[in-house]
Each structure stands twice: as C-alpha cells, then as structure tokens.
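Visitor: Coordinates only, no sequence provided:
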DNA sequence: TGAATGATTTACT
DNA sequence: GTAAATCATTCAA
C-alpha cells in the first residue's frame, strides 16, 4: 500500500482521526525500522475544544506545530516522563491534531521490546500513547517532523470497523470531555483501557438502549 | 522567580 | 482499587 500524502491529512480532524484507524505507522531510525497498525486515536480541535492544548488560540513554542501545515508531527511531553505523538490536520492556522494512542506492532518487535524493557508478546509494548512513543523512539527531537518525509509516515490500508467513545484523561475539559472523539478498533487487544462504557459506532442492531454516553 | 499542573505509566495494596 | 514518579510548560507576580 502507498504512503499517505498531504491530501489525507488536509481534511477535517474528525475524519482523519477516524480514518487513521487501521493505517500503518512506520518509523525509521539508525537503530532500525519499526511499524504498527494504528488501533486507537483521538481528535483535538482547538481553539474551541477545551481539551486541546490549542484551546483559546493559545499559540506558544509548544503548540506552534498545531497551527502549521497538515501532515506534520506535534510531539509533547507530559507528566514529567512521557512523550505523546500527534498528527496535525486540516488547514494552516487551524490548530487541529490527532493523538495516536495505541498501535498493534507489525515489524521491529525486537527493537520495540528492547526500548520498552518487556518481551515482544506483551500488549503493553504499544497499548498507550506514552508506551508507543517509547517503543517507536519518538521524542521532542521529532517535533514538527513532516509525515510526508521518510523518518516517520503512514501507509494506506484497507478500512476496518471503527468504534468510538469519549476521550481519555481530559476530565478538566467540561462538556468537551463528553464528545465521542476517541476512535478505536473494537476487540483489538492493543487498544488501551478506556472508559468502562464504550460507545460504539458503525454497528447496527444494538440490543439494549444505552443509558449513558 | 515560583507554583501548579498534566492528552500517563507503573508499582503496589 | 490508589499513589508515586517527575519535569517542561504555563501563568501569575
């Protein structure tokens, strides 16, 4: 399958987030190549989205990449120890991005295992935003990197079933925390633990009425 | 200059 | 289930 080009990223952030599920993330470093299927992602849509770092139009050295051209990496550091990898989407000036929360390892398992300090058969290898950055060796050095380059990029893949739920870890965002802007592949073991009550989309015939979002 | 705070992970009870 | 780890970024002063 071909490498995804700029046009894929230059679309509404919710579309890119949804369509990123199933795509292949490829990462090349001097140590070797690793890749994995994206199985979980979230959309962040500033300036109105209170959950986004770009909320209120906040434009600083840290958030600058979100305001730039689509198809570039927005990488940030949280909790004093973890990196998070995002893909900038939409148009220049729109501070929108997709947080990649989990991938299913495809190649370079040994290298990932080495970087994570656990065996290759553990789902903990890449089942979280901080974990996958560690496994893929993504750090601040990759801030602003062009996904249409060769060091890190996505490969197209066949569409898969996608479920959605509220986003994780943004309880401070008020009503924005209730938006179902998290997308994931149902049943995939590499999806990080999410809300106790996931909301499913694109599935017919639900048996019981939902009680909560 | 200083205090508060995370788009989390891990270990432990 | 809870809590500690750990620091760049942000904002107030």
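Guide: Now that the structure is in, tell me what you want to look at. Owing to the predicted nature of the structure, the values given are computational and were not obtained by experimental measurement.

Visitor: what's the host helix or strand of residue A:133 packed up against?
Guide: Using DSSP states H and E, residue A:133 maps to helix A:129-135. Judged by 3 or more C-beta pairs under 8 Å, 6 or more residues apart in numbering; DSSP states H and E, helix A:129-135 is in contact with strand A:82-88, strand A:96-107, helix A:109-116. C-beta: built from backbone N, CA, C; applies to glycine.

Visitor: which one of the ones you listed has the most crowded surroundings?
Guide: Highest mean neighbour count among the helices and strands packed on helix A:129-135 (mean count of other C-beta atoms under 10 Å): strand A:96-107, with a mean of 25.

Visitor: quick one: is that strand near DNA strand B?
Guide: Yes: Strand A:96-107 is in contact with DNA strand B by C-beta under 7 Å from any atom of the strand, via A:97, A:99.

Visitor: next helix or strand past the helix or strand where residue A:35 lies?
Guide: Per DSSP H and E, residue A:35 falls inside strand A:32-45. Reading on from strand A:32-45 to the C-terminus, the next helix or strand found by DSSP H and E is helix A:64-67.

Visitor: returning to that earlier point: output the helices and strands packed on helix A:129-135 as CSV; include the columns mean pLDDT.
Guide: Listed next are the helices and strands packed on helix A:129-135 as CSV, based on pLDDT from 0 to 100:
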stretch, mean pLDDT
strand A:82-88, 98
strand A:96-107, 98
helix A:109-116, 98
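
Visitor: Switch the ones you listed over to a markdown table; also include distance to DNA strand C.
Guide: Output for the helices and strands packed on helix A:129-135, formatted as a markdown table (distance: least, C-beta to the nearest atom of the strand, whole Å):
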| stretch | distance to DNA strand C |
| --- | --- |
| strand A:82-88 | 8 |
| strand A:96-107 | 14 |
| helix A:109-116 | 16 |
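
Visitor: out of the ones you listed, nearest to residue A:185?
Guide: strand A:96-107 (8.2 Å; C-beta to C-beta).

Visitor: Let's verify residue A:149: helix, strand, or coil?
Guide: coil (DSSP: H, G, I helix; E, B strand; the rest coil).

Visitor: Can you list the neighbours in contact with stretch A:140-158?
Guide: Around stretch A:140-158, the neighbours that count as contacts under C-beta atoms under 8 Å, 6 or more residues apart in numbering are A:1-6, A:8-9, A:20, A:22-29, A:35, A:37-38, A:64-65, A:68, A:71-75, A:77, A:83, A:85, A:87, A:136, A:138.
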